[in-house]
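Engineer: Got a predicted structure here, sequence first:
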Amino acid sequence: MGSNHSGVSEFILVGLQLSAEMEVSLFWIFSLFYIFSLLANGMIFGLICLDPRLHTPMYFFLSHLAIIDVSYASNNVPKMLANLVNQKRTISFVPCIMQTFLYLGFAATECLILVAMSYDRFVAICHPLQYSVIMSWRVCFVLAGTSWVFSFLLALVHLILILRLPFCGPHEINHFFCEILSVLKLACADTRLNQMVIFGTCVFILLGPLCLVLVSYSCILFAILRIQSGEGRRKAFSTCSSHLCVVGLYFGSAIVMYMTPNSSHPEEQQKILSLFYSLFNPMLNPLIYSLRNAEVKGALRRVLYKQRHM
């Protein structure tokens, strides 16, 4: 491994290439977004742990989504913030490759957890009488555990394929973190195998899960339309619309980033897209679930009420 990258011991993260004043302004704005993301996802996770009424499969998967969002943002954003106010924007080879590995692992896990959440909603609305049997805690743990293990094994495949490549210059990664496509551009060897594996992963992790989600929600839509009660129909739509918003934001930005030709969006646009799902998605997810979910808002009120009367 050492001989492969002996020509490069560190990389330079080019970042967003803006004026010094704009970068300082973005540092404070992105810092606020990042802090809000940590607090909001932490609040969601804490509420799910503390409130027994939220100890259901739906919120079990939501707690995993909160953990992923915090981890995903924390893998990329702190280095980006440091580079916005630091002229020395270097990152050593090993931390860079580890950042790529974690980025891929968390991204794939989020895709699969979103599929598990859509399956949970499908069972709850289309097979309500069998829900407790189908979505047992054993099934929930298997779905969540498989999502984590499979995603990081897949990320490990990409890591091994990157480590076989020689990196002998140039040293500049035209991105604000070690995004896999930007790292591969610096390899002084044939990267077609890496590109093929990335495309295959996208088909399997993005298009496959998205198709499953769409099938689940097609069945859910037909089931909701058969509900006689207007209140029941409204509640079913409410529980599903939050998840659909998150799915649309996440899969939409990822598919545009990895499954459209590179010529259709230049590198600066790719950075903005990466910024969207590295910083904005983890911030928006808890907002969507808390603002559109009566049970989460109710849990927050109960926790605040207990705090005031302690």
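Structural biologist: Happy to help now that I have it.

Engineer: what ranges do the helices span in the stretch 151-300 of the chain?
Structural biologist: Secondary structure of the stretch 151-300 of the chain (DSSP state H, counting those that start in this stretch): helices at 180-184, 192-202, 208-225, 230-258, 267-275, 281-291, 294-308.

Engineer: Number of residues surrounding R192?
Structural biologist: 8 (other Cβ atoms under 10 Å). Bear in mind the C-beta positions are built from the backbone N, C-alpha and C, glycine included.

Engineer: Out of the helices of the stretch 151-300 of the chain, flag the one nearest A144.
Structural biologist: helix 208-225 (14.6 Å; Cβ to Cβ).

Engineer: which of the residues in the closest one are buried?
Structural biologist: Using 16 or more other Cβ atoms under 10 Å as the burial criterion, the residues of helix 208-225 that qualify are 209-210, 212-213, 216-217, 220, 223-224.

Engineer: and the helices of the stretch 151-300 of the chain as CSV, adding distance to M135 and mean pLDDT?
Structural biologist: Listed next are the helices of the stretch 151-300 of the chain as CSV, based on distance: least, Cβ to Cβ, whole Å; pLDDT from 0 to 100:
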stretch, distance to M135, mean pLDDT
helix 180-184, 34, 88
helix 192-202, 28, 89
helix 208-225, 13, 84
helix 230-258, 14, 73
helix 267-275, 34, 75
helix 281-291, 19, 77
helix 294-308, 16, 70
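
Engineer: that older thread, export the buried residues of helix 208-225 as CSV, with columns for distance to P286.
Structural biologist: Formatted as CSV, the buried residues of helix 208-225 follow (distance: Cβ to Cβ, whole Å):
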residue, distance to P286
P209, 21
L210, 22
L212, 24
V213, 20
S216, 23
Y217, 22
I220, 23
A223, 27
I224, 25
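
Engineer: Closest one to I272 out of these, please.
Structural biologist: L210 (21.7 Å).

Engineer: The closest one contacts A254, doesn't it?
Structural biologist: No: counting by Cβ atoms under 8 Å, L210 does not reach A254; the two are 9.3 Å apart.

Engineer: could you dump stretch 180-200 to CSV, C-alpha only?
Structural biologist: What follows is stretch 180-200, C-alpha atoms only, in CSV (Å, rounded to 0.1, in the frame of the first residue of the first chain):
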residue,chain,number,x,y,z
ILE,A,180,-14.7,9.6,-4.4
LEU,A,181,-15.0,10.9,-7.9
SER,A,182,-12.7,13.8,-7.2
VAL,A,183,-10.1,11.6,-5.6
LEU,A,184,-10.2,9.2,-8.6
LYS,A,185,-9.3,12.1,-10.9
LEU,A,186,-5.9,12.3,-9.2
ALA,A,187,-4.9,8.7,-9.8
CYS,A,188,-2.2,8.2,-12.4
ALA,A,189,-3.6,4.8,-13.5
ASP,A,190,-6.7,3.4,-15.3
THR,A,191,-9.7,3.9,-13.0
ARG,A,192,-12.3,2.2,-15.3
LEU,A,193,-12.8,-0.6,-12.8
ASN,A,194,-13.5,1.9,-10.0
GLN,A,195,-15.9,3.8,-12.3
MET,A,196,-17.8,0.6,-13.2
VAL,A,197,-18.1,-0.4,-9.5
ILE,A,198,-19.4,3.0,-8.6
PHE,A,199,-22.0,2.8,-11.3
GLY,A,200,-23.0,-0.7,-10.3
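
Engineer: contact partners of stretch 200-212?
Structural biologist: 108, 111-112, 114-115, 118-119, 151, 154, 158, 247, 251, 254-255, 258-259 (Cβ atoms under 8 Å, 6 or more residues apart in numbering).

Engineer: 6 Å instead, please
Structural biologist: Contact with stretch 200-212 is made by 108, 111, 115, 251, 254-255, 258-259, as judged by Cβ atoms under 6 Å, 6 or more residues apart in numbering.

Engineer: And for stretch 184-194?
Structural biologist: In contact with stretch 184-194 (Cβ under 6 Å, 6+ apart) are residues 161, 165-168.

Engineer: The stretch 1-150 of the chain: helices as residue ranges?
Structural biologist: 20-50, 57-84, 93-126, 131-134, 137-163.

Engineer: residues touching F101, list them.
Structural biologist: Residues counted as contacts of F101 (Cβ under 6 Å, 6+ apart) are 155, 159.

Engineer: Kindly apply the preceding question to V70 instead.
Structural biologist: Applying Cβ under 6 Å, 6+ apart, the residues contacting V70 are 38, 41.

Engineer: Okay, it and S253: tell me how far apart.
Structural biologist: In this structure, V70 and S253 are 19 Å apart, going by Cβ to Cβ, to the nearest Å.

Engineer: Brilliant, that's me finished.
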